[in-house]
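**Q** I need the structure of the sequence given here:
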Amino acid sequence: MEAVILILALLFVAFVTLGVYVSVKAIGAAKRGVDRTITQARRTVEDTTLRAKSFGQVGVAGELAQLRLHLRTSMRATQEALHAGVAEDASLRESIGLFERLSAHGRELDEELRRLEREPDRGRITERLPQLRERVERITHSAESLRWAARDRARTFAEDDLESLTTQIDVEAGALRDWSRSEPAWPDPAAESSEPPSGTGPQTSSAPAPQQPAAAAGPEQAPGGPEPGAGAQEPRAIPPRDPRLTMRYSWDKSARPETTN
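**A** The predicted structure follows:
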């Protein structure tokens, strides 16, 4: 009885532990989903705000908004392209590592541009704009190089696969259009069944009998023969033997031999 109670207690503890583990995992997944949704919403709001500032404001504020929007758009496009391609091409993992290092510089520059938007001294910002613009161009150029290299690699693989597939289809189409192939001549079953097997039953020769050599024309001719000088008459072929005369049927009775007492 005590063993049964101990086993039930252990099962209860195991079920409770499993329930807590599953609950923690579900809560963590839900939290990550909520955080991801909030991040995407915040990113969409920021991009919309930057786009509005870049078109609605002039001067230093508008240029800072344009730099931030260009930087964020380029980095996000490269990140999506690399993560989408690594599922089919494992060699892009090294490119993702390089992009992560580049992303650190991009985030640092984006934070700096964000702080400069709230800077009241516009003169200092104007002096630093050429340097900031150069940094943005270097980062976006590196990101675009990775993005287009990954896309060119994927396109090359797709073109190679398409070329191989096209070649196989052309070969198959040529084989299907080969009308010169003739069907194999199989023997007719009806003809084989009608032909008697060798060694059984009477056989009739279908070939004509060989012709006898013509007798030399002598000075004397047999009575009723052709006249001399008229030429020798060709001998006639011996007609084949009538198979009905020698063929025996199953209903024919065989002659009994005479017995001697």
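**Q** quick check: which ranges of the stretch 151-261 of the chain have low pLDDT?
**A** 179-261 (pLDDT under 70).
**Q** again, 80 this time
**A** 178-261 (pLDDT under 80).
**Q** same deal with the stretch 1-150 of the chain?
**A** 1-2, 31-32, 34-36, 39-47, 49-51, 53-59.
**Q** which stretches in it count as helices?
**A** 2-56, 60-85, 93-117, 122-176 (DSSP state H, counting those that start in this stretch).
**Q** okay, the angle between the first one and helix 93-117?
**A** For helix 2-56 against helix 93-117, the angle by axes from the mean of the first three to the mean of the last three Cα atoms, to 10 degrees is 60 degrees.
**Q** and helix 2-56, what does it pack against?
**A** On a contact count with 3 or more Cβ pairs under 8 Å, 6 or more residues apart in numbering; DSSP states H and E, helix 2-56 meets helix 60-85. From N, CA and C alone the C-beta is placed, and that goes for glycine too.
**Q** give me the angle between the helix it packs on and helix 2-56.
**A** Using the same axes, to 10 degrees: helix 60-85 against helix 2-56 is 140 degrees.
**Q** what residues sit buried inside helix 60-85?
**A** Across helix 60-85, burial judged by 16 or more other Cβ atoms under 10 Å covers 60-61, 63-72, 74-75, 78-79, 81-82, 85.
**Q** residue 79 against residue 102, yeah?
**A** No - Residue 79 is not in contact with residue 102 according to Cβ atoms under 8 Å; the separation is 10.0 Å.
**Q** show me what contacts residue 99?
**A** 78-79, 82, 143, 146 (Cβ atoms under 8 Å, 6 or more residues apart in numbering).
**Q** go again using 7 Å as the cut-off
**A** Neighbouring residues of residue 99 by Cβ atoms under 7 Å, 6 or more residues apart in numbering: 78-79, 82, 146.
**Q** turn those residues into a markdown table, including distance to residue 27.
**A** Output for the contacts of residue 99, formatted as a markdown table (distance: Cβ to Cβ, whole Å):
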| residue | distance to residue 27 |
| --- | --- |
| 78 | 33 |
| 79 | 28 |
| 82 | 31 |
| 146 | 36 |
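**Q** hang on, the earlier thing: out of the helices of the stretch 1-150 of the chain, deepest packed?
**A** Mean neighbour count (mean count of other Cβ atoms under 10 Å) peaks for helix 60-85 among those, with a mean of 19.
**Q** tell me what that one is packed against?
**A** helix 2-56, helix 93-117, helix 122-176 (3 or more Cβ pairs under 7 Å, 6 or more residues apart in numbering; DSSP states H and E).
**Q** got the angle between it and helix 122-176?
**A** Calculated by the same axes, to 10 degrees, helix 60-85 forms an angle of 30 degrees with helix 122-176.
**Q** check the gap between residue 107 and residue 84 for me.
**A** Residue 107 is 21 Å from residue 84, where distance means Cβ to Cβ, to the nearest Å.
**Q** swap in residue 130?
**A** Distance, residue 130 to residue 84, using Cβ to Cβ: 35 Å.
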